[in-house]
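A.B. asks: Generate coordinates for the sequence data below:
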Amino acid sequence: GWAMLRPSNTQPLIRLFAEARTQGRLDELVDEFTRLFDEMQERAAA
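C.D. replies: Residues are numbered from 1 along each chain as shown. Predicted coordinates for the structure are as follows:
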């Protein structure tokens, strides 16, 4: 599967797009990218 984070062109938010062959893998990708994004935000705020 794959996942991508990108800023929205129309709203003040970050969009997460993801695809996977199974729902379980999709859930893993979303969890992983959400965790990584949260870590990046914490580092940027420090």
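
A.B. asks: I'd like the distance between residue 11 and residue 19.
C.D. replies: Spatial separation of residue 11 from residue 19 under the definition C-beta to C-beta, to the nearest Å is 22 Å. For every residue, glycine as well, the C-beta is placed using N, CA and C.

A.B. asks: And these two? Which one has more around it.
C.D. replies: Between residue 11 and residue 19, counting by other C-beta atoms under 10 Å, residue 19 is the more crowded of the two (11 against 8).

A.B. asks: pLDDT at that one, what is it?
C.D. replies: Among the per-residue scores, residue 19 shows a pLDDT of 98.

A.B. asks: beta partners for it?
C.D. replies: Note on residue 19: beta-bridge partners residue 2, judged by DSSP bridges.

A.B. asks: For it, give me its contacts.
C.D. replies: For residue 19, the contacting residues are 1-3, 26, by C-beta atoms under 8 Å, 6 or more residues apart in numbering.

A.B. asks: repeat for residue 26
C.D. replies: Counting by C-beta under 8 Å, 6+ apart, residue 26 makes contact with 1, 18-20.

A.B. asks: For it, pull up the helix or strand it's in.
C.D. replies: When elements are defined using DSSP states H and E, residue 26 is found to belong to helix 23-45.

A.B. asks: All set, thanks.
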